[in-house]
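1. based on what follows, work out the 3D shape:
(chains A and B)
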Protein chains: 2
Amino acid sequence: MTDSIFPQLHPPDRVLLGPGPSNIHPRVQMAMLSPMVGHLDPYFVGVMEDTVKLLRKLFRTDNTLTFPISGTGSAGMEAGFSNFLEPGDVAVIGVNGLFGQRMADNALRCGARVVEVAADWGCIIDPADIEAALKSEKKVKMVAVVQAETSTGALQPLKDISKLAKQYDALFLADTVTSLGGAEVAVDDWGIDISYSGTQKCISCPPGLSPFTANRKALDILAKRNTKVPSWYLDLSLLSSYWGSDRFYHHTAPISMVYALYEALRLIDEEGLEARISRHERHGNALKAGLEAMGLALHAQEGHRLSMLTTVRIPEGIDDAALRKTLLNGFNIEIGGGLGPLKGKVWRIGMMGHSSTAENVLLVLAALEKTLTEQGYKTEPGAGVQAAVASLKK
Amino acid sequence: MTDSIFPQLHPPDRVLLGPGPSNIHPRVQMAMLSPMVGHLDPYFVGVMEDTVKLLRKLFRTDNTLTFPISGTGSAGMEAGFSNFLEPGDVAVIGVNGLFGQRMADNALRCGARVVEVAADWGCIIDPADIEAALKSEKKVKMVAVVQAETSTGALQPLKDISKLAKQYDALFLADTVTSLGGAEVAVDDWGIDISYSGTQKCISCPPGLSPFTANRKALDILAKRNTKVPSWYLDLSLLSSYWGSDRFYHHTAPISMVYALYEALRLIDEEGLEARISRHERHGNALKAGLEAMGLALHAQEGHRLSMLTTVRIPEGIDDAALRKTLLNGFNIEIGGGLGPLKGKVWRIGMMGHSSTAENVLLVLAALEKTLTEQGYKTEPGAGVQAAVASLKK
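-> Presented below is the predicted three-dimensional model:
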């Protein structure tokens, strides 16, 4: 036994105000210290059952098939497409940001033909455009949109598009990676057939699992496939035998991650979903009020802005990378940069889950004021923080 | 805030002597408590780089493409097939257990034609049979075998099959899920083109990641594909941009799991790979000596038995499920049952990673003696433990 030349872990204690991961509640971290057990241990089976019950509450669904996929949100996305689309199928996909693009890429890899319904990055998809796409095709298998576009800060209303999908007998898939646990997601009431999320956003659990749900209608379509699901790992018919009552061995579940998710879901259960959604709204509003009071422009379409992720335009003459580096090194604050066409144009400030606190709103506004001012930006001292405080008092 | 009706986690403190997960070293558990950081944080990028270096040491490879896939070993398997096989390709696959079958299933889902080279469950694949399969086909794209068949306890020699694959210009894939970190795996010296492993076996990290490596030859074939890799999540060309020097955002890495893997790899580095392999052999031998001294029959082919997982035949008249239940509830010991054709016929006793200790050898032998005797099995009292002690002293 000799000491490794590789250093001990000593990560900085960041305030995570980017597009995810968010900060983790100590109870969630402690959950990962729980003794490891086998993936078919009767104790673990009980944890799986309770995790499923808690996920159903969060998704507001009675769907039997509800469980965490053993991969990140992107694995959930792939499961959502590869199980239900076959070569030759037509998918109508809303593309108004990076994650819409990724959905289209996934659908193409299934051999589907993709009809993209586009909107500017920051705007929502117009249901009328979805309807036009549905009308133009003989038979559409799936309509898919992202509820919370993490790349743009836009909140997509789902009810109208869901109705349209039903009217044209197509499956309706909603990406709830960034919304679940921070905004209303009503799978059954809104007629969402398939949805997947991530753990590291408003659920405030480490990344690594993707809460997933699909209803009977979707599973009937899965059962009638002509071809095998291309992915063995993400084949829902196999996965549901493991997570369902059969407990048929498929793969070894990430035990520690499931412990963490279970504890994160208990925390949500204790806070109450409505209270949690209000908290995200309150802090999202305060942040926006503060940013605007500093003379900054919000990027996403007014009336359709996310509470948990705010996109703000980078003022003329400000060095994006330098500012974010100063926030990280000087204040231990992580915020996100822009992606794709928004690279260098916006910052993405998250207030997700355990990171969504009044203190963090004030902290990031104060830190932004200081760093912007150092780069020559003019703003009334304290205006951002004062506006946020006023908003919080409402 | 009200208390959740869902109970706090309180898993039993199991001695994990099944086919995985194995017990976790406290330092690996503590690593998961390290503060969460962003997946593009400069600090995390450093951890990624060191993790890659440590994985290269473990795989004994210089392959640039070496990193943990964000899923369990089964996701690694899928990545190993879906990136390199296209519709119409021919794959020669050794099938002498459940994981060989799973490889064949994966290859079929890629649209490949599979030539199965079979052996009895517990025996190794005969290189002559691989050669016959290679001769019978015009062009074989890949030859694949499992080094450590977790379902049977057999250790497959790899060098001869690797040579054959080269001779017929096919890629050589070796599944090292259960062997890596506990048996010799020499990717470069043995000419393995593609390999994947799991974290919850001899690496003794929680399940959730799959160490993966592929060489230049494999990547050249990936680059020349006619079709897109069906999986976006497991597309190695995208993944290597994230884990490589570009650090191009692909998906959010499971930060806490990477922390755990990093610490588990540091522990291996400190112990030394050779010492660790010897430890697995010493305890595997002692377990086998003890089982045989109790009059039990080892299942896997003599001369080709795994050190980290021993299959032992269930004696006539013994109730498999009842005995394993007694071990679990009476002794907190998990051992594995048989799978497929070996269901009810064998037990699978793991001595993997942190679980591979002399104490655990003696414990499981003593517990087995007691539970077997309670079911009417005749064996000389203490014979198993004595034989194991004698073996350990060698």
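2. contact residues of the stretch 201-350 of chain A facing chain B?
-> Residues of the stretch 201-350 of chain A lying near chain B by CB under 8 Å from any CB of the partner chain: A:206-208, A:228-234, A:249-257, A:259-260, A:262-263, A:265-267, A:269-272, A:328, A:334, A:339. Placement of C-beta: from N, CA and C, glycine included.
3. restricted to buried residues, select the residues you listed in ChimeraX.
-> Buried residues within these, by 16 or more other CB atoms under 10 Å in any protein chain shown, are selected in ChimeraX with:
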select /A:206,207,208,229,230,231,232,233,234,250,251,252,253,254,255,256,257,259,260,262,263,265,266,267,269,270,271,328,334,339
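4. run through the stretch 1-150 of chain A and note the low-pLDDT ranges.
-> By pLDDT under 70, the weakly predicted segments of the stretch 1-150 of chain A are A:1.
5. what ranges do the strands span in it?
-> Listed in chain order, the strands found in the stretch 1-150 of chain A under DSSP state E, counting those that start in this stretch are A:15-16, A:65-69, A:90-95, A:113-118, A:142-146, A:148-149.
6. again, but for the stretch 151-300 of chain A
-> Secondary structure of the stretch 151-300 of chain A (DSSP E, counting those that start in this stretch): strands located at A:154-155, A:171-175, A:194-196, A:210-214.
7. what packs against the last one?
-> Spelled out, it's strand A:210-214. The helices and strands touching strand A:210-214, judged by 3 or more CB pairs under 8 Å, 6 or more residues apart in numbering or on different chains; DSSP states H and E, are helix A:42-59, strand A:65-69, helix A:73-82, strand A:194-196.
8. next, the angle from the second one to helix A:73-82.
-> Regarding strand A:65-69 and helix A:73-82, their directions subtend 140 degrees when assessed with axes from the mean of the first three to the mean of the last three CA atoms, to 10 degrees.
9. run the contact check for strand A:65-69 versus chain B.
-> No: in this structure, strand A:65-69 remains apart from chain B according to CB under 8 Å from any CB; the gap is never smaller than 9.1 Å.
10. ok, and what's touching that strand?
-> Applying CB atoms under 8 Å, 6 or more residues apart in numbering or on different chains, the external contacts of strand A:65-69 come out as A:48, A:51-52, A:55-56, A:59, A:75-76, A:79, A:196, A:199, A:209-215, A:219, A:234, A:236, A:239-240, A:243-244, A:257-258, A:261.
11. again, 6 Å this time
-> Outside of strand A:65-69, the residues that reach it under the criterion CB atoms under 6 Å, 6 or more residues apart in numbering or on different chains are A:52, A:55-56, A:75-76, A:79, A:209-214, A:240, A:243, A:261.
12. and those, which is closest to chain B?
-> Taking CB to the nearest CB as the measure, A:A75 is the one of the contacts of strand A:65-69 closest to chain B, at 4.9 Å.
13. which residues does that closest one contact?
-> Contacts were defined as CB under 6 Å, 6+ apart; by that measure A:A75 touches A:I69, A:S210, B:Y233.
14. I'd like the distance between the closest residue to A:G73 other than its chain neighbours and A:D62.
-> Closest residue to A:G73 in three dimensions, ignoring its sequence neighbours and counting by CB to CB, 6 or more residues apart in numbering or on different chains: A:G198, at 3.1 Å. Taking CB to CB, to the nearest Å as the measure, A:G198 falls 22 Å from A:D62.
15. on that earlier part again, which of the contacts of strand A:65-69 are buried?
-> Of these, these count as buried by 16+ other CB under 10 Å: A:52, A:55-56, A:75-76, A:79, A:209-214, A:240, A:243, A:261.
16. since that was my last question, I'll sign off now.
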